[in-house]
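Participant: Give me a model of this one.
(one chain, ligands or ions: 1)
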Amino acid sequence: MSHSDALMNLHGSQIRGYQLLEPIGSGSYGVVYLAFSGPDSIAIKVSVREEDLLMEASVLQQLYYKNVSPKFFFNDKFGPFHTLGMEILGPDIESLRQKADFKFFERPTLIKFTYQALTCLEALHTLKIVHRDVKLSNFAVTKPTTPENRVAVRIFDFGLSHVYADADGTLRDDPRNFDFKKMKYAAYEPSLGCDPMPKDDICQLGYAVMYAAGFDFGKKLKCPDDELSNWKRELIRVPAETLPLPVQFMLPFYELVGDLDDIIPIQYDLLKQRVQECMPEVDTSDLILSDEDGRLTLI
Ligand SMILES: Nc1ncnc2c1ncn2[C@@H]1O[C@H](COP(=O)(O)OP(=O)(O)OP(=O)(O)O)[C@@H](O)[C@H]1O
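Facilitator: Residues are numbered from 1 along each chain as shown. Next up, the predicted model:
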């Protein structure tokens, strides 16, 4: 059996006293299992990529008290695999988008998601860590705990993350040498070959929000490279003329994203203020995962 087949067939295995049940998600390099020990349930990611998993464990440890990511429980070896035990989250934002009417979120949901996702990125960037893989499927909501099913946005999957600077601000190289030019949804500057920086995470968040609003981002990504690159550049230069219709109402946010650079510190409060300005009546903390007859809707 190959390693990737074995990764999918760990049901019943015991890791650190937890019994693995069914896989609840999988990505390019890992499978995430639901695991139980008595009444406790957690998520365990099992992967063959040691370096990425160690990076992920380190980021989760640093974010433990920030309430922006799943809580870290352990990392360990399991035969040829590497494992990461963490708090179990609710559904990821991409699967919730797929379940939404017409496969896009209503405007208030977009505002709440963007606002809370910015809080997640701020916590990460404060640690001088850049995520580099910001997309809807790398955000999830917490498991609902209140009777009205209130949830909060969390960021996860730090396999591509990088500590981009030392405490004194000296920039650090990543020996893994990922080629972000090949990532179709890379922000404009990384798509030209520049190292991704915090502003690029926010730019990618802007793309994710367009997609969540119903813009056919998949089709855009299939454009020839030159056309795609021009569009990304124009989005920064003249957002009012370039923004797709479903997110025109968020122009104040996109204008500020277009002004970000790598020198001036990012003003997260101002970004969040701009998001709020787009719909002042929306309470950005009031995110609900409604469950009507088993149909999950993020509102
Ligand atoms: N803590 C968690 N709780 C619940 N589900 C999770 C958790 N972590 C990950 N998942 C699920 O597992 C899926 C895969 O996880 P993740 O994205 O971390 O794996 P990956 O191999 O790094 O993926 P990618 O190909 O995106 O890099 C996620 O989309 C999500 O549905």
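Participant: can you count the residues close to whatever residue of the stretch 101-250 of the chain ends up closest to the ligand?
Facilitator: Across the stretch 101-250 of the chain, the shortest distance to the ligand (C-beta to the nearest ligand atom) belongs to residue 157, at 3.6 Å. C-beta here means a position set from N, CA and C on the backbone, and glycine is covered the same way. Counted with other C-beta atoms under 10 Å, residues neighbouring residue 157 total 24.
Participant: Measure how far the helix or strand of the chain with the lowest mean pLDDT is from the centre of its chain, please.
Facilitator: Lowest by mean pLDDT, DSSP states H and E among the helices and strands of the chain is helix 3-8, with a mean of 83. Its chain's C-alpha centre and that of helix 3-8 lie 25 Å apart, by C-alpha atoms, centre = their mean, to the nearest Å.
Participant: could you say what helices and strands that helix packs with?
Facilitator: Helix 3-8 sits against strand 30-37, with contacts defined as 3 or more C-beta pairs under 8 Å, 6 or more residues apart in numbering; DSSP states H and E.
Participant: hmm, who's touching the strand it packs on?
Facilitator: 7-8, 10-11, 15, 17-26, 41-49, 53, 85, 88, 159 (C-beta atoms under 8 Å, 6 or more residues apart in numbering).
Participant: Mind checking which of those residues land in helices?
Facilitator: Of the contacts of strand 30-37, the ones assigned to helices by DSSP state H are 7-8, 53.
Participant: the helices in the stretch 51-200 of the chain, which residues?
Facilitator: For the stretch 51-200 of the chain, the helices defined by DSSP state H, counting those that start in this stretch cover 93-99, 107-126, 188-192, 198-212.
Participant: Pick the most buried one from the ones you listed.
Facilitator: Using mean count of other C-beta atoms under 10 Å, the stretch among the helices of the stretch 51-200 of the chain with the largest mean neighbour count is helix 198-212, at a mean of 24.
Participant: Which SSE is immediately downstream of that one?
Facilitator: Using DSSP states H and E, the helix or strand that follows helix 198-212 in sequence is helix 217-221.
Participant: who in the stretch 51-200 of the chain is up against the ligand?
Facilitator: Residues of the stretch 51-200 of the chain lying close to the ligand by C-beta under 6 Å from any ligand atom are 70, 86-89, 92, 137, 156-157, 159.
Participant: Break this structure into its domains for me.
Facilitator: 3-87, 91-298 (the TED database).
Participant: Nearest residue to the middle of this protein?
Facilitator: Of all residues in the chain, the one closest to the mean position by C-alpha atoms, centre = their mean is residue 138, 3.2 Å from it.
Participant: do you know how far the nearest residue to residue 100 once chain neighbours are set aside is from residue 114?
Facilitator: Distances taken as C-beta to C-beta, 6 or more residues apart in numbering place residue 297 nearest to residue 100, at 6.5 Å, with adjacent residues excluded. For residue 297, the distance to residue 114 (C-beta to C-beta, to the nearest Å) stands at 18 Å.
Participant: ok, residue 76 - contacts?
Facilitator: Contacts for residue 76 (C-beta under 8 Å, 6+ apart) come out as 15-16, 82-83, 85.
Participant: rerun at 7 Å
Facilitator: Taking C-beta atoms under 7 Å, 6 or more residues apart in numbering, we find residue 76 in contact with 15-16, 83.
Participant: just residue 164 next, same as before
Facilitator: With C-beta under 7 Å, 6+ apart, residue 164 has these contacts: 128, 130, 171-172, 197.
Participant: 8 Å instead?
Facilitator: Shown in contact with residue 164 (C-beta under 8 Å, 6+ apart): 128-130, 171-172, 195, 197-198.
Participant: same deal with residue 212?
Facilitator: Counting by C-beta under 8 Å, 6+ apart, residue 212 has contacts 93, 97, 104-105, 110, 113, 136.
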